[in-house]
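what's the 3D shape of this:
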Amino acid sequence: MLSPRRLICATLLTAVAALGTAATAPADEILGDGRVVVEWGPAARAAKPFAAALRRSGSIEQVATAVNDRYRLPRDIPVVFSSEAEIGPAYLPDVEFEGEKLSFIHFPHLFLNYEVRVMRQMLGGMKDPGPVRMMIWANEFVVAHELGHALVDQLQIPITGKEEDAVDGFAAYLLANTPAFGARSALAASILFAGMSSTPTDDDYADEHSLSQQRTYQFLCWIYGSDKKEFKSLVGKDGLPKRRAVRCGDEWKQLNRSWSTLMAPHLKTPVA
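Got it, this is the predicted structure:
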């Protein structure tokens, strides 16, 4: 029986191969020539409207550009949207297929349908921004999160604690410091994860991810900490508890300082 990763690799091999051999080249053969490359496969009928909206927005390509403009990558990082398999969104490192090893991010189209359903429930009829736009913004964060995993793997970035929490921080750091995004991506992601939360089970407590509701409050804390005046409305009833909010400015500064330090050796243009 094919393993899930082998199945993913088999179904997506053509799309990934079209991105060039750099996607599989060892890091010591190509230093700094890699790029994040977005590949859109055909969407299943049920997902076509949302996949088309996400693709038209150009948001995923903008996230890729934010990484490509800043960092030297040892090899390409394909971001593959497809309806061929339901695994993901996930970074799949070193997937073996016919003697080759591929590392790529897979994003299943049908996950977009789930996100839109969650956003409809959370927005309660709000038209601007509506559920589709909020889905697009949330996926800026989701893709940046998966790119965080790819960078940790390919650049051998040291991480202590949960890697999932660390790359949440990377996504917030990357997007908040990119004018095209600002805080909108993390805010949309906080709404998405709030809608995904449920009564935790033992499996949830044992999972490598923090609980969805914990991630929601962490995102709100980073957003508020990045600009307390601009985002003061996030604090209080039905929002970020005041007891947590008092620490968020320092938490945001620490996040910025930490990721700036970790990524400094990989900048295309070193900071003077």
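
ends of stretch 156-166, how far apart?
14 Å (Cα to Cα, to the nearest Å).

in that stretch, what counts as buried?
Neighbour counts over stretch 156-166 (16 or more other Cβ atoms under 10 Å) mark I157, E163, E164, A166 as buried. (Glycine included, C-beta is placed from N, CA and C.)

where along the protein do the strands fall?
Secondary structure of the chain by DSSP state E: the strands cover 36-40, 77-82, 90-97, 100-108.

distance of Y224 from V246?
Noted for Y224: a distance of 10 Å to V246, by Cβ to Cβ, to the nearest Å.

between the two, which has more neighbouring residues?
Shown here are Y224 and V246; by other Cβ atoms under 10 Å, Y224 has more neighbours (25 against 10).

report the contact partners of the more buried one.
Neighbouring residues of Y224 by Cβ atoms under 8 Å, 6 or more residues apart in numbering: F231, K232, L234, V235, L240, A245, C248.

what does Y91 give?
Contact analysis of Y91 by Cβ under 8 Å, 6+ apart lists S103, F104, I105, E146, L147, H149, A150, D153.

how about M135?
Contact analysis of M135 by Cβ under 8 Å, 6+ apart lists F50, A53, L54, L112, E115, V116, M119, A188.

again, but for Y71
L151, L155, M263, H266, L267, K268.

shouldn't the fourth one be in contact with R72?
Yes - A contact is recorded between H266 and R72 when judged using Cβ atoms under 8 Å, the distance being 5.5 Å.

neighbour count winner among the two?
H266 (17 against 14).

ok, residues contacting stretch 257-265?
With Cβ under 8 Å, 6+ apart as the test, stretch 257-265 has contacts from R70, Y71, L151, I157, P158, G169, F170, Y173, L174, P270, V271.

and which of those residues is nearest to V95?
Distance to V95 across the contacts of stretch 257-265 (Cβ to Cβ) is lowest for L151, with 17.7 Å.

helices of the stretch 51-200 of the chain, start to end?
59-70, 110-123, 131-154, 163-176, 184-196 (DSSP state H, counting those that start in this stretch).

now these in a markdown table, with distance to Y91 and mean pLDDT?
Listed next are these as a markdown table, based on distance: least, Cβ to Cβ, whole Å; pLDDT from 0 to 100:
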| stretch | distance to Y91 | mean pLDDT |
| --- | --- | --- |
| helix 59-70 | 13 | 96 |
| helix 110-123 | 15 | 91 |
| helix 131-154 | 4 | 94 |
| helix 163-176 | 9 | 91 |
| helix 184-196 | 17 | 84 |
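
which one, of these, ends up nearest to V95?
Within the helices of the stretch 51-200 of the chain, the stretch nearest V95 is helix 131-154; the backing value is 12.2 Å (Cβ to Cβ).
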